[in-house]
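Participant: starting from these lines, generate the structure:
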Amino acid sequence: MKIKAMNIGFGAHVEETDLTALTQDDVDGLRAALLTHGLLVIRNQKLSPAEQIRMSEVFGALETFSPGEGQLTDYPQIFRVASRPVEGHTNVGRYWHSDGSFRAQATPISIWYLVAQPAHGGETLFADLREAYRALPDEAKPAIDGLITQHRNGIKHPLVIRHPATREPTLYFNVGLTDGVVGYTPEQFMTLRNDLDNHLSRAGAAYVHDWREGDVVIADNFRVAHRATPISEDQHRILDRTTIRAGGVYWGRAQI
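Facilitator: Numbers count the residues shown, from 1 in each chain. This next block holds a predicted model:
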């Protein structure tokens, strides 16, 4: 197995590996690589739903979804996103977010596997939340370091969190589901929301993943945010996602 860092400051390609036949050295390498790079891209895999579940468990215990919520009756660990309503959830996450931020104990890791490849459209953007914090003007950091955001369901999180394994500060903000900041007026919140959205979208900050059939992408949700792009129903795309639940994650040993 080879780990090759991307040239954008985060993320890595994992090459020469078969996710259905991982050795313990492979497992250790994947965990360490995710913690070091925040995002892993692995191409040319062929996984059944059961195999996707098994390889995902390398990173910890999986979240499960109720019947109908995940869409795959026999595999409650898989959440299916698709371009067509009859095949999965559509119009999901077209704003900067980390999966599971609406939970009191947020989702640490997300893993996607592309089942059906569209001819065009449906790319996913990824942004480095550690670098997003570092890139803020020094004079702006004290003003946001203690802020608490609130989701629409009432769940609250610090806007600046410490990664549970590396202890490095990162911005942690769901642009679509956050509806306030404790102590802020609605107008102040909207100004901050727009500023953060623009900051995450700043030129050159995002990795754009153009999906190919057999792709597996693994994201550390405390280090990397993502955003979906539109795809029409005339394109055929199926993307199966598994997520590691809070308290069940296996972090590797990072090289920071």
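
Participant: mind listing what the lengthiest strand in the chain pairs with, with the direction of each?
Facilitator: The longest strand of the chain (DSSP state E) is strand 238-249. Strand 238-249 pairs in its sheet with strand 60-62 (antiparallel), strand 79-82 (antiparallel), strand 109-116 (antiparallel), by DSSP bridges.

Participant: quick one, which of the ones you listed gets closest to Lys46.
Facilitator: strand 109-116 (9.8 Å; Cβ to Cβ). Heads up, the C-betas are built off the backbone N, CA and C, glycines and all.

Participant: C-terminal to the closest one, what's the next element?
Facilitator: Next along the chain after strand 109-116, taking DSSP states H and E as the criterion, comes strand 124-128.

Participant: okay, Glu69: pLDDT?
Facilitator: Glu69 is assigned a predicted lDDT (pLDDT) of 76.

Participant: quick revisit: could you dump the strands paired with strand 238-249 to JSON lines with distance to Thr73?
Facilitator: Shown next, in JSON lines, are the strands paired with strand 238-249 (distance: least, Cβ to Cβ, whole Å):
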{"stretch": "strand 60-62", "distance to Thr73": "16"}
{"stretch": "strand 79-82", "distance to Thr73": "11"}
{"stretch": "strand 109-116", "distance to Thr73": "16"}
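
Participant: who wins for proximity to His163 among those strands?
Facilitator: Of those, nearest to His163 by Cβ to Cβ is strand 109-116, at 12.1 Å.

Participant: what residues does the closest one touch?
Facilitator: By Cβ atoms under 8 Å, 6 or more residues apart in numbering, the surrounding residues in contact with strand 109-116 are 34, 45, 47, 52, 55-56, 59-60, 82, 99-100, 124, 211-221, 226, 236-244, 249.

Participant: check the offset of it from the chain's centre.
Facilitator: Here strand 109-116 is found 10 Å from its chain centre; the criterion is Cα atoms, centre = their mean, to the nearest Å.

Participant: again, but for stretch 177-194
Facilitator: Counting by Cα atoms, centre = their mean, stretch 177-194 comes out at 23 Å from the chain centroid.

Participant: pull the CA atoms of that stretch into CSV?
Facilitator: What follows is stretch 177-194, C-alpha atoms only, in CSV (Å, rounded to 0.1, in the frame of the first residue of the first chain):
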residue,chain,number,x,y,z
LEU,A,177,-28.2,23.4,9.5
THR,A,178,-26.8,26.0,11.9
ASP,A,179,-29.3,28.7,12.7
GLY,A,180,-27.7,30.8,15.4
VAL,A,181,-24.8,31.6,17.6
VAL,A,182,-25.3,32.0,21.3
GLY,A,183,-25.3,35.7,22.2
TYR,A,184,-25.6,36.8,18.6
THR,A,185,-28.5,38.6,17.0
PRO,A,186,-30.0,37.0,13.9
GLU,A,187,-28.3,39.8,11.8
GLN,A,188,-24.9,39.2,13.5
PHE,A,189,-25.3,35.4,12.9
MET,A,190,-26.1,35.8,9.2
THR,A,191,-23.1,38.1,8.7
LEU,A,192,-20.9,35.5,10.4
ARG,A,193,-22.5,32.6,8.4
ASN,A,194,-21.9,34.3,5.1
